[in-house]
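Student: Turn this into a structure:
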Amino acid sequence: MLGVIGIGDNVCDLYIGSGLMYPGGQALNVAVYAKQMGARAAYLGVFGNDVLAAHVIATLDTLKIDHSHCRQYEGENGYAIVDLVDGERIFVRSNRGGVVNKHPIQLTPADLDYIRSFDVIHSSNNGHFDTQLGLVASIGPAISYDFSRSWRDSKHSREICPYLDFAFISCGDSSDEEALNACRRLRNEGCGIVVATMGGKGALFHDGQYSIKQEPCPVKAVDTLGAGDSFAAGFLVSFMTAIRLKNGAMKDQEYYLRNIQAALKNGAAAAAKACMGAGAFGYSKHFDTDRLGS
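Tutor: All right, here's what the predicted structure looks like:
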């Protein structure tokens, strides 16, 4: 069974209109989606000790996603305040990860032994994990990273792309040509495969040899939060399972290309499914709306 571990951010998304909060965060979302797709999944990150953290932890327990290597400190858990306009999620503000700012992840030998048991590590620009990428790059699992919109920071991308097997970038406001140029730049900076997600315009794959456009699956979105993370999970689980079945050998170009195309379709289908429910993956709970004014 494919093993996927999300390392980095977890949050509660606090919805202005409904007074409901949903567990989320890029790294945590990918772990949850991977679990739903049949992978063995885990999460490693930093929790606060408030009601938001308690809700995220309880949800992981319900979903049977291991979080035994997480840290917990006194202070606020990460949160983001979210509004919905015609099904499109809009981030209003956040506490930028909360307690993790004072306590970023520093991996121990025990953590590294644990991480070695997975096939894929997924982190993000919000994960406070960049300083550890070089360390995990040497131990075996493929590394996937979601830049979101931070791919525009070329200094940042140059520093971490040499460690990345997969990069996902958000290009919803870019043309196909602009997105492809962004993919080419990150590829030239050292990343193996780059996928630009483009919202309603689909996605674009680039690996230095092939550039492939994936059309979206048309749906009437209830909530687009989590669409990019679900695309990443769908792509990674599909493609990395194919690699695992082939014992890592992808020299057969027909096999490689067929599975890239399948992975892109699975990513698009996963993103469409995520858009049909509230929050990243559900599990809502009412929160104290006084927090919206803080």
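Student: any low-confidence regions in the stretch 101-250 of the chain?
Tutor: 248-250 (pLDDT under 70).
Student: Which residue ranges of it form helices?
Tutor: 109-115, 133-136, 154-160, 176-188, 227-245 (DSSP state H, counting those that start in this stretch).
Student: winner for burial among the ones you listed?
Tutor: Ranked by mean neighbour count under mean count of other CB atoms under 10 Å, those are led by helix 227-245, which reaches a mean of 24. Any C-beta I mention is one placed from the backbone N, CA and C, and that applies to glycine too.
Student: For that one, name the packing helices and strands.
Tutor: Other elements packing on helix 227-245 under the criterion 3 or more CB pairs under 8 Å, 6 or more residues apart in numbering; DSSP states H and E are strand 3-8, helix 26-36, strand 120-124, strand 142-148, strand 166-170, strand 193-197, helix 253-274.
Student: After the last one, which helix or strand is next?
Tutor: Of the helices and strands lying after helix 253-274 in sequence (DSSP states H and E), the nearest is strand 285-286.
Student: for that next one, packing partners?
Tutor: If you count contacts as 3+ CB pairs under 8 Å, 6+ apart, strand 285-286 packs onto strand 20-24.
Student: and the strand it packs on with helix 26-36, angle?
Tutor: On the basis of axes from the mean of the first three to the mean of the last three CA atoms, to 10 degrees, strand 20-24 is oriented at 80 degrees to helix 26-36.
Student: Look up phi and psi at Asp173.
Tutor: When read as degrees, to the nearest 10, the backbone of Asp173 gives phi -100, psi 20.
Student: still on that earlier bit, compare the helices and strands packed on helix 227-245 and give me the one nearest Gly48.
Tutor: helix 26-36 (13.9 Å; CB to CB).
Student: separation between the closest residue to Asp229 other than its chain neighbours and Asp146?
Tutor: Spatial nearest neighbour of Asp229, chain neighbours left out: Asn29 (3.8 Å); criterion: CB to CB, 6 or more residues apart in numbering. Distance of Asn29 to Asp146, given as CB to CB, to the nearest Å: 10 Å.
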